[in-house]
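# with the sequence up front, the predicted model follows.
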Amino acid sequence: MGFLAWYLGMLDSRPIITKSISSALIYAAADITTQTITMESYSTWDTIRTLRMAGYGMIILGPAQHMWFNFVARVLPKRDVITTFKKLLMGQLVYGPAITASFFSFNAALQGESGSEIAARLKRDLLPTLLNGLLYWPICDFFTYKIVPVHLQPLMNSSFSYLWTIYLTYMASLNKAVLDH
């Protein structure tokens, strides 16, 4: 069992830092994948961007996932189909928009965008991203809430996030939004 036993032990003894490091590694891997796919032959590796993505996973997403999945399990402890759909709906209406807005805001702020530029980016990107997420996250969330034990749900969510983050890092790398005057 080696690594798996060690990882599960770390989830028990240090859940938030373990989930934070897992999220950071997955977000960094997703950004590396995105840059590899989209990089022009004359481009150079954007290490700062990868560190930003890892930082987001470490500082925001890991702790947020820990809190969210424990909260949802406490409020809706059953795993039947109706309860699973309730969890899924809560995630789509509360967690998804909050975590996506924080992702765009965190990355834009670390790129030096002003408050009004961040607001313009959110106005341009948030709703289309959330709508596109409706094609992906409900399936992932149903599987996660219905089958995966609560202590492993953040890891499963981060694993699903790998593919989603390739899309998100692409969206976050778009040029600044034009400000309406």
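Right, received. Where do you want to start? Residues are numbered from 1 along each chain as shown.
# make it CA atoms for all contacts and neighbour counts henceforth
Fine.
# and the nearest residue to F106 once chain neighbours are set aside, how many residues sit next to it?
Nearest non-adjacent residue to F106, counting by C-alpha to C-alpha, 6 or more residues apart in numbering: Y56, 7.2 Å away. Residues near Y56, counting by other C-alpha atoms under 10 Å, number 21.
# show me the contacts for Y56.
A24, Y27, F103, F106, N107 (C-alpha atoms under 8 Å, 6 or more residues apart in numbering).
# what about the third one, how many residues close to it?
Right, the one you point to is F103. Neighbours around F103, by other C-alpha under 10 Å: 21.
# repeat that for the second one.
By the criterion of other C-alpha under 10 Å, Y27 has 32 neighbours.
# tell me which element it is part of?
In this structure, Y27 sits in helix 15-38 according to DSSP states H and E.
# ditto for the third one
With elements delineated by DSSP H and E, F103 resides in helix 96-110, which encompasses its position.
# for that helix, list the C-alpha coordinates in CSV.
Output of helix 96-110 as CSV, limited to C-alpha atoms (Å, rounded to 0.1, in the frame of the first residue of the first chain):
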residue,chain,number,x,y,z
GLY,A,96,-19.1,26.7,-8.0
PRO,A,97,-19.7,30.4,-8.5
ALA,A,98,-17.8,31.4,-5.3
ILE,A,99,-14.7,29.3,-6.1
THR,A,100,-14.7,30.3,-9.8
ALA,A,101,-15.0,34.0,-9.0
SER,A,102,-12.2,33.6,-6.4
PHE,A,103,-10.1,31.8,-9.0
PHE,A,104,-10.4,34.6,-11.6
SER,A,105,-10.0,37.4,-9.0
PHE,A,106,-6.9,35.7,-7.3
ASN,A,107,-5.2,35.2,-10.7
ALA,A,108,-6.1,38.7,-12.0
ALA,A,109,-4.9,40.4,-8.8
LEU,A,110,-1.6,38.6,-8.9
